[in-house]
Each structure stands twice: as C-alpha cells, then as structure tokens.
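Engineer: have a look at this prediction, sequence included:
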Amino acid sequence: MDNTWQKIFDLVKRTGEKCLVVDGENQEVYAILKLADYEKLIDRKEEVLDLTEDELLDRINCDIAMWQANQNEDEGEDGDEGNGGAKKENKEEEFYLEPVETSS
C-alpha cells in the first residue's frame, strides 16, 4: 500500500474522524470513514425514508437538541460553565502602565 494512504488511514484511526481526499486527476472528492460508520449512515437513511413529515421534523429537532447538548458539554470541559455557555476567549493578562512622577 502506498505510504501516503497508510498515513491517511493511520490518522483516521487515531482521531476517529472522517477524512476527505481529493483525486488529483479529476478533482473528485471522496470520504474515508470506518465501514461501521458508513453502515450506520445507510441504515439511518433508510429509517428516514419511511417517516412522515411530522415524524421527520421531530427527528430533526431531536438531533439538533442532541447536537446542542454535545456542544455545551464540549465547552464545559474547558471550565467555562459559569459564563452561560459562551465560548471562553483566550486573552492574555492585561497590564496598564501609568506614569511615575519623579522628584527632581
């Protein structure tokens, strides 16, 4: 196997993320993900096809709520729970210089 592909697969394994690869010849984009993740996507797509419009809206709302909860958990890991869920800004300490009077 080409060393570049092995590096890509190793990175996907290490991070657990998905990866996009662009074919240099025709500029087509491909996604690389675990087979189990791909199967979950296919199963989920089949489940959605059988839903009514109201059921689909309920499912979307549920997915959004779960996503928001995950976002709040991720922000809470940085220790910024006390600021209403707002992202913690990375600020350096602020120093103010004041003139010093010298006696001459």
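Structural biologist: Ah, there it is.
Engineer: quick one: pLDDT of Asp23?
Structural biologist: What the model reports as pLDDT for Asp23 is 87.
Engineer: ok, it - contacts?
Structural biologist: Remark: with contacts taken as CB atoms under 8 Å, 6 or more residues apart in numbering, Asp23 is in contact with Val29, Tyr30. Where you see a C-beta, it was placed from the backbone N, CA and C, and this is true even at glycine.
Engineer: quick one, phi psi at it?
Structural biologist: Dihedral angles phi and psi of Asp23 (degrees, to the nearest 10) take the values phi -70, psi 120.
Engineer: quick check: what element follows the strand or helix carrying Ala36 along the chain?
Structural biologist: Using DSSP states H and E, Ala36 sits within helix 35-49. Following the chain from helix 35-49 toward its C-terminal end, the next helix or strand by DSSP H and E is helix 53-76.
Engineer: list the buried ones in that next one?
Structural biologist: Across helix 53-76, burial judged by 16 or more other CB atoms under 10 Å covers Glu75.
Engineer: for the chain, what are the low-confidence residue spans?
Structural biologist: In the prediction, the chain carries residues with pLDDT under 70 at positions 1, 74, 76-93, 95-97, 103-104.
Engineer: show me what the helix holding Ala36 is packed up against.
Structural biologist: Contacts of helix 35-49 with other secondary structure elements, assessed using 3 or more CB pairs under 8 Å, 6 or more residues apart in numbering; DSSP states H and E, are absent: no helix or strand is involved.
Engineer: show me the contact partners of it.
Structural biologist: The set of residues external to helix 35-49 that reach it, using CB under 8 Å, 6+ apart, is Lys18, Leu56, Arg59.
Engineer: got CSV for those, with distance to Glu25 too?
Structural biologist: CSV is the format used below for the contacts of helix 35-49 (distance: CB to CB, whole Å):
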residue, distance to Glu25
Lys18, 22
Leu56, 39
Arg59, 39
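Engineer: return the residues in contact with the residue nearest to Leu33 when sequence neighbours are not counted.
Structural biologist: Spatial nearest neighbour of Leu33, chain neighbours left out: Lys18 (4.4 Å); criterion: CB to CB, 6 or more residues apart in numbering. When contacts are counted by CB under 8 Å, 6+ apart, Lys18 touches Val12, Ala31, Ile32, Leu33, Asp37.
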